[in-house]
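Peer 1: pasting the sequence and the predicted model now:
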Number of protein chains: 2
Amino acid sequence: MKKKYLLAPGPVQIPPEILLEMAKPIIHHRTPEFEKTFADVQVLLKELFNTKNPVITFASSGTGAMEAAIVNTHSQNDEVMVIENGKFSERLALICKAFGLTTHILKIPDGESVSSGEIKKRLDENKNIKSVLLEYSETSTATMNDIESIAAVVSKTNALLIVDAITSLGVVDIPCDKWKLDVVIGGSQKSLMLPPGLSFLWLSDKAWERAKTSTLPKFYFDIHEELSALKKNTTAWTPAISLINGLYIALNMMKDYGWQNLYKKNVQLMKLVHAGTHALGLELFSKSPSVSVTAIKVPAGIDGNKLVDKLKNEQNITIAGGQSELKGKIFRVGTLGWIDHSDILVFFGALEVCLNQMGYKFAPGASLKAIQEELINHAQ
Amino acid sequence: MKKKYLLAPGPVQIPPEILLEMAKPIIHHRTPEFEKTFADVQVLLKELFNTKNPVITFASSGTGAMEAAIVNTHSQNDEVMVIENGKFSERLALICKAFGLTTHILKIPDGESVSSGEIKKRLDENKNIKSVLLEYSETSTATMNDIESIAAVVSKTNALLIVDAITSLGVVDIPCDKWKLDVVIGGSQKSLMLPPGLSFLWLSDKAWERAKTSTLPKFYFDIHEELSALKKNTTAWTPAISLINGLYIALNMMKDYGWQNLYKKNVQLMKLVHAGTHALGLELFSKSPSVSVTAIKVPAGIDGNKLVDKLKNEQNITIAGGQSELKGKIFRVGTLGWIDHSDILVFFGALEVCLNQMGYKFAPGASLKAIQEELINHAQ
């Protein structure tokens, strides 16, 4: 009978409307019905990516689209630069290395973002760098990079800007065409409120031009095959039919809410989390906090792993702990997808109960009071 | 209000029990709950593959596992032989070529299977061939290869036998260990009664040994990453959570029915389709008919594409037409997954109505009578 809350930075809670759509009897994908849905989805995906260019949909988790981004735009021995500030940007570098690219790492301390000036300096120093790869929001440290200013730098060079936006797409406004991004990667289990199993890839004209001469081997993630299929409103290989039917509902829900309303709501939710955090005397981990997920430092004397377990086992709230060397040191609360300020109240209510039981001192209700003040005075 | 029947060779009809399982609120995948399900699924997958070795699950459609089979067991410039007898075996060859393998094609006419003797001859002639790749059931021509006899030949050499069993797994008994197969590929939307979006890969000890020295580039489909994760009851990258929860139900349904009962039922269903076909004076296309799908020649004077469209638009029955050069010449009826003899009666009832309307001559009820005779006299 207890209510459960999933407040991780993905997967996120799925609206019943989407779950029930995906539970309908399956249809064959080589039919006018599926092609109609896929065409409608394409129109909506272009609104999500703010673009005139096609958006490719793969049956894979987000890592698949990360690979697709890299193998379709590079050739043997190309030099690339990866901005590494956490676990997911490390994965971008691992993929580049797996495919034999000469991979320069620009290491940024955990919790910090990269400056566009630093990127400009590196590109000026090495004109052979074919691409700059980075995370929009590095989920492991809840840190957002300033993609607009970075794009302003990279777009003036021959290099491509490859942005993993898996946890940012649909959370913040990403005007791909206007900002002159080159490659943008998305996934289904984040703001799109779906189960994992779909990933997305968008390319600028500059990136499509580069893709024409790419010689890295590929087949399943070959964007040329997908582009041909897309023109016939289908996919090159068998699509994840039920997820695409769910995607149609999800995108329509987002559009009905209003894209800009959605982005505004997400910033408000982040501010509510920050307000609750500060009111409990806790600190944010990131110096450049993400809108999608907030990382909060575990206070001295508290076992961070135990806190995450208590929230799950006693309060039925699933959040994320820290990964790798941050394990036990931070906990992370997602504010993306199907989530409202009510969820933030529920989370902080439960957090107060757990922290109190673990001996941490604060005035009961302090975080909820601060959230209400922020909500009533500023965030509406 | 009209009832709809999906009788394609995949995707297939999905039992409501599975649809509803997948419609439950999503859980996070880095939790003991998911890991328990994934561990249970692994035990059942080993029963399906008749093996002691692990079975890897990817979030991708079947083509992804085809790529995984190839890139994990080969190195640059390896020579391979693909037995090409239809569209899906052609895809195996395309993947080999995309990754730079020297690809020998043994072309078999559409509708015919390859003999183990022919394969032995080729392997004797060229000792450099590292792998033999083929379809268990070539879905485009509804033709089954005799994998047991082929395995008896290939297992005596250093070559690997790589079998695409996407439409055969769970349809016929595939004793992977006993027959000494090397790599077996599966997909979710066939006998496993799920939506597309999961694929499977099994390797023999011999294939795992080869995989250790494989130098082809890979990341998303890297089986070493998946094997490490599997030991912790999870996947390397984010799994398609809802599909895996559905898979747990599907595998339990199959096990409860009894693996051998299932394989026996599928052969019976094929025989019922053959009986109905012959009773209408129609002919099978394949000289080595598949258990998973039956291809029936379109009779002279009938428009095959129109027949498939009529079945769909007027009778609400989705089957498959011919692909590429077989378009309009054959139609294909799947008998895999969640299907019973009742579905065969429904299909032939509708087929008779359509053929009659299109001017084809036969005694009304002839196919249903033949199916009942087969069912009552032989198939029970």
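Peer 2: Yes, it's here.
Peer 1: only C-alpha atoms for contact and neighbour calcs from this point on.
Peer 2: Noted.
Peer 1: give the contact list for A:Leu282.
Peer 2: Counting by CA atoms under 8 Å, 6 or more residues apart in numbering or on different chains, A:Leu282 makes contact with A:Ile296, A:Lys297, A:Val298, A:Pro299.
Peer 1: any idea which helix or strand carries the last one?
Peer 2: If you go by DSSP states H and E, A:Pro299 is not part of any helix or strand.
Peer 1: re the thing from before, now the contacts of A:Leu282: which count as buried?
Peer 2: Using 16 or more other CA atoms under 10 Å in any protein chain shown as the burial test, the contacts of A:Leu282 include A:Ile296, A:Lys297, A:Val298 as buried.
Peer 1: and the second one, backbone torsions?
Peer 2: As for A:Lys297, its main-chain torsions (degrees, to the nearest 10) stand at phi -70, psi 140.
Peer 1: measure it to chain B for me?
Peer 2: Using CA to the nearest CA, to the nearest Å, one gets 21 Å for the distance from A:Lys297 to chain B.
Peer 1: neighbours around the closest residue in space to that residue that isn't next to it in sequence, how many?
Peer 2: Excluding the flanking residues, the one nearest A:Lys297 by CA to CA, 6 or more residues apart in numbering or on different chains is A:Ile330, at 4.5 Å. Here the count is done by other CA atoms under 10 Å in any protein chain shown, and A:Ile330 has 24 residues near it.
Peer 1: same question for the one 10 residues further on.
Peer 2: Here the neighbour count serves as a burial measure; for A:Asp340 (other CA under 10 Å) it reads 14.
Peer 1: for it, give me phi and psi.
Peer 2: phi -130, psi 170.
Peer 1: so what pLDDT did it get?
Peer 2: If you check A:Asp340, the pLDDT there is 95.
Peer 1: one more: A:Pro11?
Peer 2: pLDDT at A:Pro11 comes out at 97.
Peer 1: spit out the contact partners of it.
Peer 2: A:Gln189, A:Lys190, A:Met193, A:Leu194, A:Pro195, A:Pro196, B:Ile26, B:Ile27, B:His28.
Peer 1: A:Val55 reaches A:Trp208, doesn't it?
Peer 2: No - counting by CA atoms under 8 Å, A:Val55 sits too far from A:Trp208 to count as a contact (11.8 Å).
Peer 1: between those two, which contacts overlap?
Peer 2: By CA under 8 Å, 6+ apart, no residue touches both A:Val55 and A:Trp208.
Peer 1: returning to what we had before: got the contacts of A:Leu282 as TSV, with distance to B:Phe49 and pLDDT columns?
Peer 2: TSV is the format used below for the contacts of A:Leu282 (distance: CA to CA, whole Å; pLDDT from 0 to 100):
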residue	distance to B:Phe49	pLDDT
A:Ile296	46	98
A:Lys297	47	98
A:Val298	46	98
A:Pro299	50	97
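Peer 1: now the strands for chain A?
Peer 2: Secondary structure of chain A (DSSP state E): strands at A:5-6, A:55-59, A:79-84, A:102-107, A:129-135, A:137-138, A:143-144, A:160-164, A:183-187, A:198-203, A:293-297, A:317-318, A:320-321, A:330-334.
Peer 1: now do the fourth one against strand A:129-135, angle only.
Peer 2: Comparing the axes of strand A:102-107 and strand A:129-135 via axes from the mean of the first three to the mean of the last three CA atoms, to 10 degrees yields an angle of 40 degrees.
Peer 1: what residues does the stretch 101-250 of chain A put near chain B?
Peer 2: For the stretch 101-250 of chain A, the residues in contact with chain B (CA under 8 Å from any CA of the partner chain) are A:195-197, A:217-220, A:237-242.
Peer 1: now, which of these lie within helices?
Peer 2: Applying DSSP state H to those, the entries found in helices are A:Ile241, A:Ser242.
Peer 1: how far away is A:Thr157 from chain B?
Peer 2: Between A:Thr157 and chain B the distance is 29 Å, computed by CA to the nearest CA.
Peer 1: where do the helices sit along the stretch 251-380 of chain A?
Peer 2: A:259-279, A:304-315, A:341-357, A:366-374 (DSSP state H, counting those that start in this stretch).
Peer 1: adding mean neighbour count and distance to chain B, write these out as a markdown table.
Peer 2: What follows is the helices of the stretch 251-380 of chain A, written out as a markdown table (neighbours: other CA atoms under 10 Å in any protein chain shown; distance: least, CA to the nearest CA, whole Å):
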| stretch | mean neighbour count | distance to chain B |
| --- | --- | --- |
| helix A:259-279 | 21 | 21 |
| helix A:304-315 | 18 | 10 |
| helix A:341-357 | 18 | 16 |
| helix A:366-374 | 20 | 26 |
